[in-house]
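S.K.: pasting a predicted model and its sequence here:
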Amino acid sequence: MQPDLKREGQRWWRQAERDLDDARYAFAGERYNLTCFLAQQSAEKALKAYLYSQGMEMVWGHSVRELAEMAAEFDAEFIALAEEVAPLDQYYIPTRYPNGLPGGVPFEAFNEEDGQRGLRMAERVLEAVRIRLPS
């Protein structure tokens, strides 16, 4: 049975939007490591939503940059986006695990500027995907 990939894309999109909303909520609570992680998750899921909506059946990986590069196979504008938002990949492990850092713990290692940066990049990804998703 052929999966409904447009529907799968919508499921990923809905979670991407929620993760961005949660990132904003964490930012308001000064939980900057969580803000950064959720920003990365939001961008990752938005790109997966786009890839599913384009007919890809198997979308694996967590790298925002690599997912944006995969999206560029369908729309070349994602090439520039991949470069612009690649720093989100730095927020995947170190924001959550103490052993992802050379010392200290994640909640002490990330600050307001990091949170703002993560939110900006995630918002950029979601806007790029939003205008390209089928309705």
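M.R.: Received the coordinates, thanks. Numbers count the residues shown, from 1 in each chain.

S.K.: all contacts plus neighbour counts: C-alpha atoms, from now on.
M.R.: Fine.

S.K.: and the helix ranked longest in the chain, which residues are buried?
M.R.: Criterion DSSP state H: the longest helix present in the chain is helix 5-28. Buried residues in helix 5-28, counting neighbours by 16 or more other CA atoms under 10 Å, are found at 5-6, 8-13, 15-17, 19-24, 26-27.

S.K.: run the chain-centre distance for it.
M.R.: 9 Å (CA atoms, centre = their mean, to the nearest Å).

S.K.: which residues in this structure form helices?
M.R.: Going by DSSP H, the chain shows helices at 5-28, 32-53, 64-71, 78-85, 106-109, 112-130.

S.K.: which of those helices sits most buried?
M.R.: helix 32-53 (a mean of 29; mean count of other CA atoms under 10 Å).

S.K.: for A68, which non-adjacent residue is spatially closest?
M.R.: Using CA to CA, 6 or more residues apart in numbering and skipping residues adjacent in sequence, the residue nearest A68 is A82, 5.0 Å away.

S.K.: that neighbour contacts S63, correct?
M.R.: No. A82 is beyond contact range of S63, at 9.9 Å (criterion: CA atoms under 8 Å).

S.K.: nearest spatial neighbour of the residue positioned nearest the centre of the chain, skipping sequence neighbours?
M.R.: Taking CA atoms, centre = their mean, the centroid of the chain lies closest to A43, which sits 1.7 Å from it. Of all residues not flanking A43 in the chain, A122 sits nearest, at 5.1 Å (CA to CA, 6+ apart).

S.K.: and that neighbour, what does it touch?
M.R.: L20, A39, Q40, S42, A43, V85, L88 (CA atoms under 8 Å, 6 or more residues apart in numbering).
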